[in-house]
Every structure is written in structure tokens, then in C-alpha cells.
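**Student:** Sequence first, predicted model second:
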Amino acid sequence: MDMTKTAVKSALGLDTDAELARFFDTTRQAVDKWPDEKPIPMGRQWELRARRPDIFSTDELVELDGAERQKTG
């Protein structure tokens, strides 16, 4: 699964940034800053995996994390 804001909302059955913010227990303004079609912050991806392992797989997150490290390393 692509870990974009749009894809995450769809997988969780959410329609709005406000609902996603409630899921993460953060503000809507924080979630609004995430571009819809870019990966959400890595810490939030790990949180998704911990909270909803039935939807979000570890292998995918490790792959994304490795790609992100290559970009910054």
C-alpha cells in the first residue's frame, strides 16, 4: 500500500483530514500540512503499523523507510 495521506484515509475508511487527525490524536492543522499524494511522516507510518497491523504491513514500512534513508543519506 502507498502510505500517502489519501491512501491511508481510504484504508481506514476516513473521509476528512479532521477524522485522520482524531485517529492520530493530533490537530487537523498538522494533518493539513501533509500533501495528499506524498508519503505521510515516517513516525506516523510506524504508528499506523502498530495500531492497525491488519491493514498496514511491516514489510512495506521497512521498504519505505529504507528508500527514505537513501534519499537523506
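**Tutor:** The structure has been received and is ready for your questions.

**Student:** okay, CA-based contacts and neighbour counts for the rest of this
**Tutor:** Will do.

**Student:** Show the average pLDDT along the host helix or strand of residue 46.
**Tutor:** Using DSSP states H and E, residue 46 sits within helix 42-51. For helix 42-51, mean pLDDT is 94.

**Student:** gap between that helix and the chain center?
**Tutor:** 7 Å (CA atoms, centre = their mean, to the nearest Å).

**Student:** That one: which residues count as buried?
**Tutor:** 45, 46, 48, 49 (16 or more other CA atoms under 10 Å).

**Student:** what's the closest non-adjacent residue to the last one?
**Tutor:** Yep, that's residue 49 we're talking about. Using CA to CA, 6 or more residues apart in numbering and skipping the chain neighbours, the partner closest in space to residue 49 is residue 56 (5.1 Å).

**Student:** do you know how far that neighbour is from residue 27?
**Tutor:** 22 Å (CA to CA, to the nearest Å).

**Student:** Mind checking which of those two has more residues around it?
**Tutor:** Taking neighbours as other CA atoms under 10 Å, residue 56 and residue 27 compare with residue 56 leading, 22 against 14.
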